[in-house]
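1. Have a look; sequence and predicted model below, questions after that.
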Amino acid sequence: MADRVLRKFYLEEQFRLDFSLKQRLYYTFLRPILSRNLRRKLQGRVNAKRSYRENFINAEFVDAIQMAHTDARSLDLFPSANTSAIVLTHDVEDEEGFRFIPRVLELERRYNFKSSWNIVPYKYGIDKGILNAIHQAGGEIGIHGYNHDGKLYFSRKIFHERVPHINRALKEYGAVGFRSPMVHRNLRWLQQLDIQYDASCFDYDPFQPFPGGTGSIWPFIAGKFVELPYTIPQDHTLFYVLRQNDITIWKKKVDWVCQNHGMVLALTHPDYLLQGSHLRLYEGLLDFLSGIHRSWRCLPKEMAQWWTGKFDPQVSRSTRHASTSNTSDTPLDPRKVEST
């Protein structure tokens, strides 16, 4: 029973993930002519009417884990006896945000964090000097769609036509990870990409074009790659949709994820952090995260490698392997409950 519940979450079976006629018209005709500021205002007005669970917590998936008699504390989920993990990711939507990357890198360096940066390969100019700065800071590069026009999943034909170009960008920039723009997603189609991980899913977020969520605050195996869902609300949602002037929602969600021994995966945008007081609020998040004990700070690629047994930071994982040997006892193990 619990295994079936978990699989339903992984596949997001209760949510519609294909484009409605209204969405097709928006991405085809309206979005290309709207400025970012106007799009943001329209999104804020529409999404403000939606209800959401307090502090973005949906405990149903975690409850299903408990129904299966699996205690996350009994599994060696993260290296070096860490009981949670912190993963920082950024989606870089425009050239202005790309140029702001060094400023964010410097801020993260002060708090001893490293991060990944998902770039749009066929939209704006890519400054190799900034890419080098990311690598020098210990970060990684990921690929963020094709050209961020919202049409990647319009049809199998469009997706198939863009796959070779995306795979070429992955190779050119040494990237092993991918995130879809606007977190549109189809994990089956994404099997065509040459990636170790995808990060287009989330545990719970009702404010996306395709709302819903996998419910999982842990990575999981999705066919050929590891899926890394983001587990705290995006900066866009916090700053522009909910119009928050503090990071209380972030803090409470982080606390809940850590209490349940999950992965805190943040998704922010330098395009938004450069505006107003947002960089200061992001610094508040970094300061808060830096105070969490026994939490593994890692890159997405390191998490994906660890989750598939290919990353070993000089620790033994014999306990982890032993504790995940029985499917019925440990449906949390992503190798035993797959999404595809």
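-> Ah, there it is. Numbering: from 1, shown residues only.
2. Select the longest helix from this protein.
-> If each helix of the chain is counted by residues according to DSSP state H, the longest one is helix 156-172.
3. so what does it touch, helix or strand wise?
-> Counting contacts by 3 or more CB pairs under 8 Å, 6 or more residues apart in numbering; DSSP states H and E, helix 156-172 packs against strand 140-143. The C-beta positions use only the backbone N, C-alpha and C, and glycine is treated the same way.
4. Tell me which stretches of the stretch 1-150 of the chain form helices.
-> 2-11, 21-25, 36-47, 60-67, 95-99, 101-110, 128-136 (DSSP state H, counting those that start in this stretch).
5. worst average pLDDT in these?
-> Least confidently modelled of those is helix 36-47, at a mean of 56 by mean pLDDT.
6. Could I get the CA-only coordinates of the longest helix of the chain as CSV?
-> Taking Å, rounded to 0.1, in the frame of the first residue of the first chain, the C-alpha atoms of helix 156-172 are listed here in CSV:
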residue,chain,number,x,y,z
ARG,A,156,7.5,15.2,-28.6
LYS,A,157,8.6,16.6,-32.0
ILE,A,158,9.9,19.9,-30.5
PHE,A,159,11.5,18.2,-27.6
HIS,A,160,13.2,15.6,-29.9
GLU,A,161,14.5,18.4,-32.2
ARG,A,162,16.1,20.2,-29.3
VAL,A,163,17.7,17.2,-27.6
PRO,A,164,20.8,17.2,-29.8
HIS,A,165,21.4,20.9,-29.1
ILE,A,166,20.9,20.4,-25.4
ASN,A,167,23.2,17.4,-25.3
ARG,A,168,25.8,19.4,-27.2
ALA,A,169,25.6,22.2,-24.6
LEU,A,170,26.0,19.7,-21.8
LYS,A,171,29.2,18.4,-23.4
GLU,A,172,30.5,21.9,-24.3
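7. Now tell me what touches that helix from outside.
-> 121-122, 143, 145-146, 151-153, 175-176, 178, 186, 189, 192-195 (CB atoms under 8 Å, 6 or more residues apart in numbering).
8. again with stretch 193-202
-> By CB under 8 Å, 6+ apart, stretch 193-202 touches 12, 89, 118, 142, 163, 166-167, 170-171, 175-180, 183-185, 187, 190, 208, 213-214, 219, 222, 225-231, 265, 267, 300-301, 303-305, 308.
9. Please pick the buried ones from those.
-> Using 16 or more other CB atoms under 10 Å as the burial test, the contacts of stretch 193-202 include 12, 89, 118, 142, 163, 166-167, 170, 175-180, 183-185, 187, 190, 208, 213-214, 219, 222, 225-231, 265, 267, 300-301, 303-305, 308 as buried.
10. I appreciate the help and will end here.
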